[in-house]
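K.L.:
how does the following fold in three dimensions:
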Amino acid sequence: MADETLTLRLTIVDPVPGVRYSLQKDDLPLDPRLAADEPLSFDVPVKLAPDGRLLGPFIRREGPERRFVYIRIGQAAGDCTSPWTRRAKIDVHDIPMELRSAGALLEIRLPGRGKDGTPACATVRPLEGWRRV
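P.N.:
Numbering: from 1, shown residues only. Predicted coordinates:
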């Protein structure tokens, strides 16, 4: 059986205006965008293996179970003038199996700022769970 595709929508609810964000595909920034005063979303196509694993050039792995997607921030997203060089790690291994299906669009809403008001980075915990859109 061939792999099927689903889409993960990563929505940063309150990005820092004027900061560039991008997805990370393989090890490069992709689709850089300058944040404004509104939410910023990235749609990430991923392959759904027959056993439910998420695969593809956007998916990173750590150990046998953990899977995640990176959002690059500032210099890491291609803005050499930014004071920040960061990545936000968004876990995807914890998406409930009942939500994983070919053609699905699943969204997670993420905070865009850390406690100090700068762009959130490292492992970013969602504001709420994954949901089908």
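
K.L.:
all strands for this structure, in order.
P.N.:
Assigned by DSSP state E, the chain shows strands spanning 4-12, 20-25, 28-34, 40-48, 54-55, 60-62, 66-74, 85-91, 105-110, 122-123, 131-132.

K.L.:
partner strands of the fourth one and their direction?
P.N.:
For strand 40-48, sheet partners with direction are given as strand 4-12 (antiparallel), strand 54-55 (antiparallel), following DSSP bridges.

K.L.:
OK, contacts around the closest residue to P29 other than its chain neighbours?
P.N.:
Excluding the flanking residues, the one nearest P29 by C-beta to C-beta, 6 or more residues apart in numbering is S22, at 4.0 Å. All C-beta spots, glycine's among them, are computed from the backbone N, C-alpha and C. Neighbouring residues of S22 by C-beta atoms under 8 Å, 6 or more residues apart in numbering: 29-33, 42, 71-72, 76-78.

K.L.:
drop anything exposed from these.
P.N.:
Among the contacts of S22, those classed as buried by neighbour count (16 or more other C-beta atoms under 10 Å) are 29-30, 33, 42, 71-72, 76-77.

K.L.:
same list, those residues, but as a markdown table with pLDDT please.
P.N.:
Converted to a markdown table, the buried ones among the contacts of S22 look like this (pLDDT from 0 to 100):
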| residue | pLDDT |
| --- | --- |
| P29 | 94 |
| L30 | 95 |
| R33 | 97 |
| F42 | 98 |
| I71 | 98 |
| R72 | 98 |
| A76 | 97 |
| A77 | 97 |
